[in-house]
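> Task: produce atomic coordinates for the following.
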Amino acid sequence: MSSNGGMPVQHERTRCILVAVLTAGFAAYAGAESPVGTWQTPPDANGIFAHIVAAPCGAGTCGVIARTYDRDGRRVSTPNLGRRVFWDMRPVGGGRWEGQAYVPLYDRTVPGVMQISGNRARVSGCAGPICLAQSWRRVK
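Below you'll find the predicted structure:
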């Protein structure tokens, strides 16, 4: 026993090591080639753009439409606000992440790809022969 309130020294060391490993793992996960953060989409045909918040979820990364703005930068409410737009995104190497994506324009879920380079992401998905892609920029 130690003078730490009764916790054996070995358990305290194990706990410290576990915390250090988990912290290092999250730091690597949220690195420059990770989708974790807040991303801004380009404006749609109506001038509306969104901030997508991406965070770890389960074994992958998920992204949700957290805020939407009009062409003047004023916050607006849209039917897709709060909607998950990608999930199960997992790294496959070279800044490329693959998973599932929801395309609001077509109300469809498709296999999705994010190619991340620093604060830029090329987001794409295909439904049969029709493919769509957008360039997002990290804002946070």
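> For stretch 132-139, could you pull out the residues that count as buried?
136, 138 (16 or more other CB atoms under 10 Å). (C-beta placed from N, C-alpha, C; glycine too.)
> Kindly report the same for stretch 67-74.
Applying 16+ other CB under 10 Å to stretch 67-74 flags 67-69 as buried.
> what about the spatially most central residue of the chain, helix or strand, and which?
Per CA atoms, centre = their mean, the C-alpha nearest to the average position across the chain is that of Ala54, at 2.5 Å. Using DSSP states H and E, Ala54 sits in strand 49-57.
> relative to strand 49-57, how tilted is the following helix or strand past that strand?
For strand 49-57, the succeeding helix or strand toward the C-terminus, using DSSP H and E, is strand 60-69. Counting by axes from the mean of the first three to the mean of the last three CA atoms, to 10 degrees, strand 60-69 lies at 160 degrees to strand 49-57.
> If the residue nearest to the centre of the chain is in a bridge, with which residues?
Gly37, Gly63 (DSSP bridges).
> measure it to Val110 for me?
18 Å (CB to CB, to the nearest Å).
> What of Pro104?
For Pro104, the distance to Val110 - CB to CB - is 12 Å.
> Let me see the contact set for Val139.
37-40, 51 (CB atoms under 8 Å, 6 or more residues apart in numbering).
> ok, 7 Å please
Going by CB atoms under 7 Å, 6 or more residues apart in numbering, Val139 touches 38-40, 51.
> Fine by me, thanks again.
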